[in-house]
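Novice: Mind folding the following:
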Amino acid sequence: AERLLRAGRGWRSARLRQMEEFTLIAGTVSLCADGAPSPPACTIGTAGGVTFSRGVELTAPSASFFGGLSSLAYVEASGSDNGSLVSVTDRGYGLRLPERPAAVSIATAEALTDGSGASVVGARDGRGYRLDDSEAVAVAASAASAAVDLTEAGSGEGRDGEVGVFVSFERVQVLRRYSRLFGSPFASSALRGERLGVAEVLEAACGGGGSNTGIEALDLINQTHLLAICEAGPDETDFSGVPVRILQLERGPAGAGQSGRWSAAVAARLTLRLRGRLTPSDVARVPPSRYSPAAPAAFLLLERSFEPQYGNAVRVRLLRGDALAQAAADGGEVDPPELFTFTPDAFATDNFEGIAVAPARVGGAEAGEGALPAPSGAEGYRIFLVSDDNFNPGPQRTLLYELFWPGAPLPNPIADRPSCCARAKPPSAGGEWRAWAVGGAGAAAAGLCLLLLCACKRRAGGGGGWPRRQQRPAVQLGTFPVQACGGGPAALQLQLR
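Specialist: Numbers count the residues shown, from 1 in each chain. A predicted model of the protein is given here:
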């Protein structure tokens, strides 16, 4: 089967020496703990309407580097082709897998690198800390579709300004930016991971050097800001909450024949409230709906726990953009509602560490192979979950689950707050948060006339006045229904500068 799959792949050339193809085996598994097809005991009963679509166990007998998958991102393909799933491993490899692996398929792997292009696999720093413990990956849409290094696209600031691929490494608390997607068969340049210079910030938030509690969940809010969530705080025994950082990406001026260097700075600090002993393991931005492209931003947060006498529990929560913006504005906390939970007494669970979200392929003639059992024209999303076997095959497995979520709204955690001004205060460092509540003028004769009800601004510096400053690109997080300051209905518009 492997020889048949490799036959005819004419694009394979010397360019691929920097990566490796391997055979991926996928065996069907049930969601249910006892292996039965679908008894009522393991039906996903949630208000979000999530249903199970497919589950496989992944193995790669000929690839010793396969295993330890610690994050997941979906890469949409151009045209009618299927997309792919991107992951990073605990031993410093970037993987690219089919989104719906067949019984036997081909995947690609590439060793992650430092800024000089040297592999981090097996490497340690001067303190003896591992450099290859990659934990989270975030892929910009433009980087996902780029077959070549973004810095070599010929348009300079334009293409390279479209961000790239970001990977966090725990123990050394390093965040790197790659200008191209690893595992791409058409890559024309060496992979280089540029450090973003936030190690001290991450150590202060997630724990000191050598800690196994670095940035565990990472995704892009937009092209200028990253959402970064620690696995735990400096005190690993504190299960009340974990630090969350919004990082602003900046690019330095370009030099002669070279693109500018990238860096990151903290734009906002907030806390994720934990429920029980489940802790964050990944986060994925919900892509814009094809029917509602202007819908508010939202993220799915994956959490997991392990108890020796109980097993692995898995939970996914829905983090709304408005709740995130409100918490960032006042330095508070977010407590997202639960979307669904898998417990080991009813579900086949494992150490799930990766989540990705993609628009659903709906039923109907246009869907083709891999369509979900949804009516033609239905709106929804595919949720992918992958587990980390910790390179411990047998007791642990690499499971890939695919679920369907219609995108049904959950309760708005800030809709009942009557005032935006009463709670708003500036973040402790970086950026400028603004919140406006805008409501109708009341009478029909007023038509589309809008009344500005609240304006909450961060005052820069300690002196008088509002000093002029260079305006940064704004993070548009959408418009949401709330109660206005005066008690009437309104809409909350939120953005970060």
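Novice: Quick check: closest non-adjacent residue to residue 82.
Specialist: Closest residue in space to residue 82, ignoring its immediate chain neighbours: residue 99 at 5.4 Å, by Cβ to Cβ, 6 or more residues apart in numbering. No exception for glycine: its C-beta is placed from N, CA and C like everyone else's.
Novice: Show the end-to-end separation of stretch 77-94, please.
Specialist: 18 Å (Cα to Cα, to the nearest Å).
Novice: Would you indicate which residues of it are buried?
Specialist: Buried residues in stretch 77-94, defined by neighbour count with 16 or more other Cβ atoms under 10 Å: 83-94.
Novice: Give the bridge partners for residue 282, please.
Specialist: Assessed by DSSP bridges, residue 282 has beta-bridge partners residue 302.
Novice: Pretty sure residue 380 sits against residue 403.
Specialist: No. Residue 380 is not in contact with residue 403 according to Cβ atoms under 8 Å; the separation is 10.2 Å.
Novice: Quick check: residue 166 is in a strand.
Specialist: Yes. Residue 166 forms part of a strand when assessed by DSSP: H, G, I helix; E, B strand; the rest coil.
Novice: Need the worst-confidence member of the buried residues of stretch 77-94.
Specialist: Least confident of the buried residues of stretch 77-94 in the model: residue 83, at 86.
Novice: For residue 173, which non-adjacent residue is closest in space?
Specialist: Excluding its sequence neighbours, the residue lying closest to residue 173 (Cβ to Cβ, 6+ apart) is residue 202, at 4.0 Å.
Novice: now the one you found, what's its secondary structure?
Specialist: Classified using three-state DSSP, residue 202 is helix.
Novice: what's the pLDDT at it?
Specialist: For residue 202, pLDDT reads 88.
Novice: Next: residue 482.
Specialist: 41.
Novice: What segments of the chain are helices?
Specialist: Secondary structure of the chain by DSSP state H: the helices cover 2-6, 141-145, 157-160, 199-206, 321-330.
Novice: Between those, which has the poorest mean confidence score?
Specialist: helix 157-160 - the lowest mean pLDDT of these, at a mean of 37.
Novice: for stretch 118-130, how far is the first residue from the last?
Specialist: Stretch 118-130: ends 14 Å apart by Cα to Cα.
Novice: so the residue nearest to residue 173 makes contact with residue 172?
Specialist: No. If you go by Cβ under 8 Å, residue 202 and residue 172 don't touch, sitting 9.4 Å apart.
Novice: Neighbour count for the two, which is higher?
Specialist: More crowded of residue 202 and residue 172, by other Cβ atoms under 10 Å: residue 202, with 28 against 22.
Novice: What residues does that one make contact with?
Specialist: Residues in contact with residue 202 (Cβ atoms under 8 Å, 6 or more residues apart in numbering) are 168, 173-175, 214-215, 228, 230, 245.
Novice: what pLDDT, on average, does stretch 96-103 get?
Specialist: 94.
Novice: One more: stretch 125-138?
Specialist: 93.
Novice: Show the end-to-end separation of that stretch, please.
Specialist: Length of stretch 125-138, first residue to last, Cα to Cα: 24 Å.
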